[in-house]
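**Student:** Just a sequence and a predicted model for now, questions to come.
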Amino acid sequence: MSLGILGCCVRMSATISWVAPATGETVSRLGLEVDTQDEVGTLGLSYGFADSRGAIEYTVGLTSTRMVGGRRRWWFFCPLLRGGGPCGRRVGKLYLPRGGRYFGCRHCHDLTYDSCQATRSRRGAASLARLVAGLSGRSGLALGWGQTSRG
């Protein structure tokens, strides 16, 4: 979940529903209520799970920083408890990992980037792919190994 660039003094609410294509049944629902005033705000979240985790409702604090040109960049305060107190990290994204119950920052959910988990040889292959993509002016590895470009 990311706020991106949100205006000041905004009050809005929305509901997002996920529907099973085969049955037309609502599988899950996420309710959002955003309220931003001046430099601070809140995000109300309400959602439920089909399994035994049940319905959840809580509020996440928001803060902002001023960008060049006068616009504001909004940030979440991580709402998870860690080490006996609230985490409170200022973060740009909140995550709800598979099996998780609450949205939180990468640190609280012990999430890492794929590159941190990759073996040394896989990281090397990924670096080579980025180099080739940069040299060819294309994103990704468009040319397979042993192939030549036809112009």
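**Tutor:** Nice, thanks for sending it over. Numbers count the residues shown, from 1 in each chain.
**Student:** hey, where'd the helices end up in the protein?
**Tutor:** For the chain, the helices defined by DSSP state H cover 114-117, 120-136.
**Student:** Run through the chain and note the low-pLDDT ranges.
**Tutor:** For the chain, the stretches with pLDDT under 70 are 1-9, 50-53, 114-124, 126-151.
**Student:** Pull out the buried positions in stretch 103-115.
**Tutor:** 103, 104, 105, 106, 108, 109 (16 or more other CB atoms under 10 Å). To be clear about C-beta, it is placed using only N, CA and C from the backbone, and glycine gets the same treatment.
**Student:** For these, work out which two are farthest apart.
**Tutor:** The most widely separated members of these, counting by CB to CB, are 103 and 106 (11.4 Å).
**Student:** what residues do those two have in common as contacts?
**Tutor:** Among the neighbours of residue 103, those also in contact with residue 106 (CB atoms under 8 Å, 6 or more residues apart in numbering) are residue 95.
**Student:** shouldn't residue 14 be in contact with residue 29?
**Tutor:** No - Residue 14 is beyond contact range of residue 29, at 11.0 Å (criterion: CB atoms under 8 Å).
**Student:** more neighbours, those two?
**Tutor:** residue 29 (14 against 9; other CB atoms under 10 Å).
**Student:** Leaving out chain neighbours, which residue sits closest to that one?
**Tutor:** Of all residues not flanking residue 29 in the chain, residue 17 sits nearest, at 4.9 Å (CB to CB, 6 or more residues apart in numbering).
**Student:** Just to check, residue 109 is in contact with residue 98?
**Tutor:** No - taking contacts as CB under 8 Å, residue 109 lies outside contact range of residue 98: 10.4 Å.
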